[in-house]
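> Please work out how this folds:
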Amino acid sequence: IPSLTLVKTASPANYTAEGQMISYSYTVTNNGNIPIVGPVTVTDDKATVTCPPGGLAVGADMTCTATYTIEQADLDAGSVKNTARAHADGIDSNYDDETVTATQSPALSLIKSATPGTYDTVGQDITYSYTIKNTGNVTLSGPFSVNDNKATVTCTQPADGALSPNEEMSCTATYDVTQGDLDGASVTNKATATNGTVTSNEATATVYA
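Reported below is the predicted structural model:
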């Protein structure tokens, strides 16, 4: 009775970055009672598999290999699952699948600046600029906003409504200087960015009278 079995493994078991390589190993075994003529091949729905030449004697096995390059969509999805099956001499093995899990690290950073650096008149406008950056490894959905303790911030949302890793967007606000600001000699305000689920660092800017 001819028979093939397939056992598939993946390394590493987790991934963290786009472009990371996952190595797959496929052990194909002749668990029947007659020799199996080569070539032995393995089909995988996500990778191209390479097998050694030749067939399999009774009880013998061979190891085939493949690699898969992680894409941003795999990080966003949280895992990669692929399924494989071995073939030789008209015989098909069992299906075997392997799931590799993403280590997702969502993060936002906020950088804030103020213009001008000094003020001397009541009613003078101070303009604040905010740069929101996705510093994590997964795509973050918007809308994004900035909460500032002294100003109302307007943000230009990304065209696709999301920030990919390392992608940035800009926001602006203005603040009118008061007599209290002149008397106090400086204005310091604090801000954080968020998309409702992830919150950035607290960014501050100080402008002096």
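
> which of the residues in stretch 7-20 are buried?
Judged by neighbour count using 16 or more other C-beta atoms under 10 Å, the buried positions of stretch 7-20 are 7-8, 10, 15, 18, 20. (Glycine included, C-beta is placed from N, CA and C.)

> lowest average confidence, helix or strand, in the protein?
The helix or strand of the chain with the poorest confidence is helix 179-184; it has a mean of 91 (mean pLDDT, DSSP states H and E).

> Can you list the buried residues in that helix?
In terms of neighbour count (16+ other C-beta under 10 Å), helix 179-184 has its buried residues at 181-182.

> who's in contact with that helix?
Applying C-beta atoms under 8 Å, 6 or more residues apart in numbering, the set of residues contacting helix 179-184 from outside is 119-122, 187, 209.

> Ile34 contacts Val58, correct?
Yes. With the criterion set as C-beta atoms under 8 Å, Ile34 and Val58 qualify as a contacting pair; they are 6.6 Å apart.

> On the C-terminal side of the strand ranked longest in the chain, identify the next helix or strand.
Across the chain, the longest stretch assigned as strand under DSSP state E is strand 91-102. Taking DSSP states H and E as the definition, the helix or strand that follows strand 91-102 towards the C-terminus is strand 108-115.

> Using CSV, write out every CA atom in that next one.
Output in CSV follows, covering the C-alpha atoms of strand 108-115 (Å, rounded to 0.1, in the frame of the first residue of the first chain):
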residue,chain,number,x,y,z
LEU,A,108,2.1,56.8,18.0
SER,A,109,4.6,59.6,18.5
LEU,A,110,3.9,63.3,18.7
ILE,A,111,6.3,66.2,18.0
LYS,A,112,5.1,69.7,18.6
SER,A,113,6.7,73.1,17.7
ALA,A,114,5.6,76.7,18.2
THR,A,115,6.1,79.9,16.1
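
> which neighbours does the next helix or strand after that strand have in its sheet, and in what orientation?
Next along the chain after strand 108-115, taking DSSP H and E as the criterion, comes strand 125-134. Using DSSP bridges, the strands paired with strand 125-134 in its sheet are strand 108-115 (antiparallel), strand 168-176 (antiparallel).
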